[in-house]
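In: Generate coordinates for the sequence data below:
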Amino acid sequence: MKLMFGSAVGGSMMTDLEQGEPAADNRALVPAGRHRRDGQVLPPRRRIRTRKARNARKAGRTTSPRRVALLIPAAALLVLAGGALASFRWMLVPSLVLGAAGGIWLIVMVPGLVPDGALSRLMMALLAVPAVATAVLAVNASQGFVLEMRGEVRSGVVARVIEHHGKTTSYECVIRYHGVTKAPGRLDCGNSDHVDEQVRVAWDPSGWVEPDFAEANGTYRFFAILAMGSEIALVFLGEFTVFLGVVLRAARGDVARATGADGRPGVASAG
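Out: Numbers count the residues shown, from 1 in each chain. Next up, the predicted model:
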């Protein structure tokens, strides 16, 4: 009996120690952890750090609006550089890597800051337009620059127009020259070209770039100006997308806090 009584008293003392300490008025115990007044003792919940939570926090740091805004000019420069290098035959793979890295990052990461799905997809489509235009115009500018600076020009006549059918229709012109020359005998052309048309062909003897029909001197400058204009539009649109995402997220946060404050249950004051 003594042993049982001692065990009961010891168990009661341990329970009291586990639940908490006496209150100031010595009328009740103040339990520890999350609890309701005079209710069951609930231990505090422990945060379990999972791989998913760590990845979410890491992604949040990576997609910081300030960091994205600072990286937009660099990504747009990659698109421009990739387009400029694409005209050189031996730089095709590096140009594709550079252009794809900058373009995909701009089109995917930047609109991802916009919380609204439909608006995010709209900004994705709008960013794709100047990105593609920048790359294409940069290709024409660099090709024209090389052909004008170090290329040779030879006059000829279109002997035949070959039409190729596939997913799209393309045309190839067979050129006939007067006399012996190393100029290319075939060139990509359009549906407006016809047989017996007088043409001037420009090509690079070293084969750095693809040959093309000769144009007026300084035409590459026109393409270069357009490429830079598209580059500026791409950067401006990207920065605007980041600003729009920050504003929308802040507005949603304010609405959520206001809703939480209005729906918060009242707390009864202690008597």
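
In: OK, contacts around the nearest residue to residue 204 once chain neighbours are set aside?
Out: Excluding the flanking residues, the one nearest residue 204 by Cβ to Cβ, 6 or more residues apart in numbering is residue 151, at 4.9 Å. All C-beta spots, glycine's among them, are computed from the backbone N, C-alpha and C. Residue 151 is in contact with 202, 203, 204, 205, counting by Cβ atoms under 8 Å, 6 or more residues apart in numbering.

In: Please pick the buried ones from the residues you listed.
Out: 202, 203, 204 (16 or more other Cβ atoms under 10 Å).

In: Give me the number of neighbouring residues for residue 218.
Out: Neighbourhood size, residue 218 [other Cβ atoms under 10 Å]: 9.

In: typo on my end, it should be residue 149
Out: Residues near residue 149, counting by other Cβ under 10 Å, number 9.

In: So which bits of the host helix or strand of it are buried?
Out: Here residue 149, judged by DSSP states H and E, is contained in helix 117-150. Buried residues in helix 117-150, counted by 16+ other Cβ under 10 Å: 120, 123-124, 126-127, 130-148.

In: Could you list the low-confidence segments of the chain?
Out: For the chain, applying pLDDT under 70 flags the ranges 1-62, 260-271.

In: Can you check what angle separates the helix ranked longest in it from helix 117-150?
Out: In the chain, ranked by residue count with DSSP state H as the criterion, the top helix is helix 219-262. Orientation check (axes from the mean of the first three to the mean of the last three Cα atoms, to 10 degrees): helix 219-262 against helix 117-150 gives 160 degrees.

In: Measure how far helix 219-262 is from the centre of its chain, please.
Out: Centroid displacement of helix 219-262 relative to its chain, using Cα atoms, centre = their mean, to the nearest Å, is 12 Å.

In: Begin at 21 from now on, thanks
Out: Done: numbering now begins at 21, and the last item shifts to helix 239-282.

In: wait, isn't residue 83 in contact with residue 129?
Out: Yes - Residue 83 lies in contact with residue 129 (Cβ atoms under 8 Å); the separation is 6.7 Å.

In: more neighbours, those two?
Out: The neighbour comparison of residue 83 against residue 129 (other Cβ under 10 Å) goes to residue 129, with 17 against 14.

In: and the gap between the more buried one and residue 138?
Out: Remark: distance between residue 129 and residue 138 (Cβ to Cβ, to the nearest Å) = 18 Å.

In: secondary structure class for the nearest residue to residue 183 once chain neighbours are set aside?
Out: Distance criterion Cβ to Cβ, 6+ apart; nearest residue to residue 183, sequence neighbours excluded, is residue 191 at 5.7 Å. Following DSSP: H, G, I helix; E, B strand; the rest coil, residue 191 is assigned to strand.

In: And the closest residue to residue 106 other than its chain neighbours, its phi and psi?
Out: Distance criterion Cβ to Cβ, 6+ apart; nearest residue to residue 106, sequence neighbours excluded, is residue 115 at 4.0 Å. Phi and psi for residue 115, reported as degrees, to the nearest 10, are phi -70, psi -40.

In: right, and the secondary structure at residue 220 would be what?
Out: strand.

In: From residue 230, how far off is the residue nearest to residue 183?
Out: For residue 191, the distance to residue 230 equals 15 Å [Cβ to Cβ].

In: ok, residue 245 - how many residues close by?
Out: If you count neighbours by other Cβ under 10 Å, residue 245 ends up with 12.

In: and it, how far is that from residue 132?
Out: 32 Å.

In: again, but for residue 226
Out: For residue 226, the distance to residue 132 - Cβ to Cβ - is 44 Å.

In: list the helices and strands the longest helix of the chain packs on?
Out: In terms of contacts (3 or more Cβ pairs under 8 Å, 6 or more residues apart in numbering; DSSP states H and E), helix 239-282 is packed against helix 85-105, helix 137-170.

In: export these to JSON lines and tack on distance to residue 209?
Out: JSON lines is the format used below for the helices and strands packed on helix 239-282 (distance: least, Cβ to Cβ, whole Å):
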{"stretch": "helix 85-105", "distance to residue 209": "22"}
{"stretch": "helix 137-170", "distance to residue 209": "16"}
